[in-house]
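quick one, structure for this:
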Amino acid sequence: MNRYGSFLVRLVFVLSVTALPLASSWGDPLAPLPPSPPVPSEDLETPSKAALGKTLFFDPRLSANGAISCAFCHVPAAGYADPKQVSLGVGGKRGGRNAPSVLNSAYFPLQFWDGRAGSLEEQAIGPLTNPLEMANHNYASIVARLRKIHSYRVAFYRVFGAGISIDRIGQAIAAFERTLVTPDSPYDRYMMGDRNALTPAQKRGFAVFRGKGRCVTCHNGFLLSDKGYHNLGVPQTGPLSVDVGRYAVTHDPADKGRFRTPTLRNVALTAPYMHDGAFRTLGEVVDFYDRGGGKSRFVKDALIVPLHLSKQEKSDLVSFLESLSGETAQQKSFRASRSR
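Predicted structure coming up:
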């Protein structure tokens, strides 16, 4: 078969597994992850800029006490999410939420659980002055601190042709975060036509995902997220007695208790789950949805209803979720070097 014929076979297969009632009725069709996220014209991607951003991402000197880096809450071994129930900041202060994964975050138009940041650049610098996170008094103090470090002065001029500023710090970190994409999961390979990429249990779980489990109503599109905000009745844990979610940004009463639909990509790596780390395992999450979510003092989303899944269906669904994990380019390179 020639390349054109092979492409047609793969295209027909993709259409056959994505053109499903719930996918087309409730959101964007399921699809593989694009190989690269969108890049704003004002922060064009270069390898040197991403390398500088990586250095900043792992540098605790960005925090007020020199102890907390971005990677403290976005842990590479935990899918660049936080394995703690709620994230800790300078001095061990407990935040009210669990830090979401940075993997594939570049595909989201808005950032954070409540969508309060309009770009990755804005997200990157937000925690720097949050008193519960990196606790700097202001951006000027961070810039002054980095300007005292010779290697940073040299790197910023090499990358930007200009000195250190808070905007350039955010641009560099965002450039690194745009490299943290995972487009080659077993699920992606299956969607591209490799029928052997999923196990039998994962294939059954995929059927539950897009059928009886109703997962695809909110977890759709290539990101496996509708990028919307929903109130599921998640039990409130951590130091906050009430978290109003998206309402704090929009001040729309309908948004009380609503949080962003997270991507399910790499979800097997990013426990605990939900905005406040309420559940430790994927099994607990599936049980929660099967019950029809929880109770809420605010208006719960009408899409959340009891599912009546069998034990086998729940197990298969968890197996499918485990097929959504991929590797970043850095991880692939490291694994390849180790195998030589």
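
what stretches of this structure score poorly on pLDDT?
Scanning the chain for pLDDT under 70 picks out 1-26, 333-340.

ok, now which ones touch the residue nearest to the spatial centre of it?
What sits nearest the mean C-alpha location of the chain, by CA atoms, centre = their mean, is residue 101, with 4.0 Å. Counting by CB atoms under 8 Å, 6 or more residues apart in numbering, residue 101 touches 74, 79, 80, 81, 262, 263, 266, 269, 270. Where C-beta positions appear, they are placed from N, C-alpha and C, glycine not excepted.

again, only using 7 Å
Neighbour list for residue 101: 79, 80, 81, 266, 270 [criterion: CB atoms under 7 Å, 6 or more residues apart in numbering].

ranges for the helices of the stretch 201-340 of the chain?
Along the stretch 201-340 of the chain, counting by DSSP state H, counting those that start in this stretch, helices occupy 247-250, 282-290, 311-321, 329-338.

okay, buried residues for the shortest one please.
By neighbour count, and taking 16 or more other CB atoms under 10 Å as the criterion, the buried residues in helix 247-250 are 247, 249, 250.

now, which of these sits nearest residue 324?
residue 249 (27.9 Å; CB to CB).

helix, strand or coil for the residue nearest to the centre of the chain?
Under DSSP: H, G, I helix; E, B strand; the rest coil, the three-state class of residue 101 is coil.

if the closest residue to it other than its chain neighbours is in a bridge, with which residues?
Once flanking residues are discounted, residue 101 sits nearest to residue 81: 4.0 Å by CB to CB, 6 or more residues apart in numbering. Per DSSP bridges, the residues bridged to residue 81 are residue 75.

so residue 81 makes contact with residue 104?
No: taking contacts as CB atoms under 7 Å, residue 81 lies outside contact range of residue 104: 11.5 Å.

out of the helices of the stretch 201-340 of the chain, which is the most enclosed?
helix 311-321 (a mean of 20; mean count of other CB atoms under 10 Å).

so which elements touch that helix?
Contacts defined by 3 or more CB pairs under 7 Å, 6 or more residues apart in numbering; DSSP states H and E place helix 311-321 against helix 200-210, helix 282-290.

let me know which of these is the nearest to residue 123.
Closest among those, using CB to CB: helix 282-290, at 24.5 Å.

so what's residue 185 closest to, chain neighbours aside?
residue 326 (3.8 Å).

ramachandran angles for residue 111?
Backbone dihedrals for residue 111, given as degrees, to the nearest 10, come out at phi -120, psi 160.

and the gap between the closest residue in space to residue 209 that isn't next to it in sequence and residue 91?
Of all residues not flanking residue 209 in the chain, residue 215 sits nearest, at 4.5 Å (CB to CB, 6+ apart). Residue 215 is 39 Å from residue 91, where distance means CB to CB, to the nearest Å.

neighbour count: the two, which is higher?
Each of residue 215 and residue 91 had its neighbours counted (other CB atoms under 10 Å), and the higher figure belongs to residue 215 (23 against 12).

from what I see, that one and residue 207 are in contact.
No: using CB under 7 Å, residue 215 is not in contact with residue 207, being 11.0 Å away.

for the closest residue to residue 106 other than its chain neighbours, helix, strand, or coil?
Of all residues beyond its chain neighbours, the one nearest residue 106 is residue 37 (3.6 Å), with distances taken as CB to CB, 6+ apart. Under the three-state scheme (three-state DSSP), residue 37 adopts coil.

residues near residue 37, how many?
Residue 37: 20 neighbours (other CB under 10 Å).

can you tell me how far it is from residue 126?
19 Å.

and residue 36, how many neighbours?
For residue 36, the neighbour count with other CB under 10 Å is 13.

mind listing what the nearest residue to it once chain neighbours are set aside touches?
Spatially, and ignoring its direct neighbours in sequence, residue 36 is nearest to residue 181 (6.8 Å; CB to CB, 6+ apart). Applying CB under 7 Å, 6+ apart to residue 181 gives the contacts 33, 36, 37, 104, 106, 328.

out of these, which is nearest to residue 58?
Checking the contacts of residue 181 against residue 58 with CB to CB, the nearest one is residue 328 at 14.4 Å.

how many other residues sit next to the closest one?
Number of residues near residue 328 (other CB under 10 Å) recorded here: 19.

next: residue 228.
Using other CB under 10 Å, residue 228 is surrounded by 14 other residues.

these two touch, right, it and residue 259?
No: using CB under 7 Å, residue 228 is not in contact with residue 259; the gap is 10.0 Å.

can you add distance to residue 44 and give the contacts of residue 181 back as TSV?
Putting these into TSV (distance: CB to CB, whole Å) gives the following:
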residue	distance to residue 44
33	22
36	13
37	13
104	20
106	14
328	20
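
which stretches of the stretch 101-250 of the chain form strands?
Counting by DSSP state E, counting those that start in this stretch, the stretch 101-250 of the chain has these strands, from start to end: 229-230.

quick check: buried residues in stretch 130-141?
For stretch 130-141, a neighbour-count test (16+ other CB under 10 Å) marks 132, 133, 134, 135, 136, 139 as buried.
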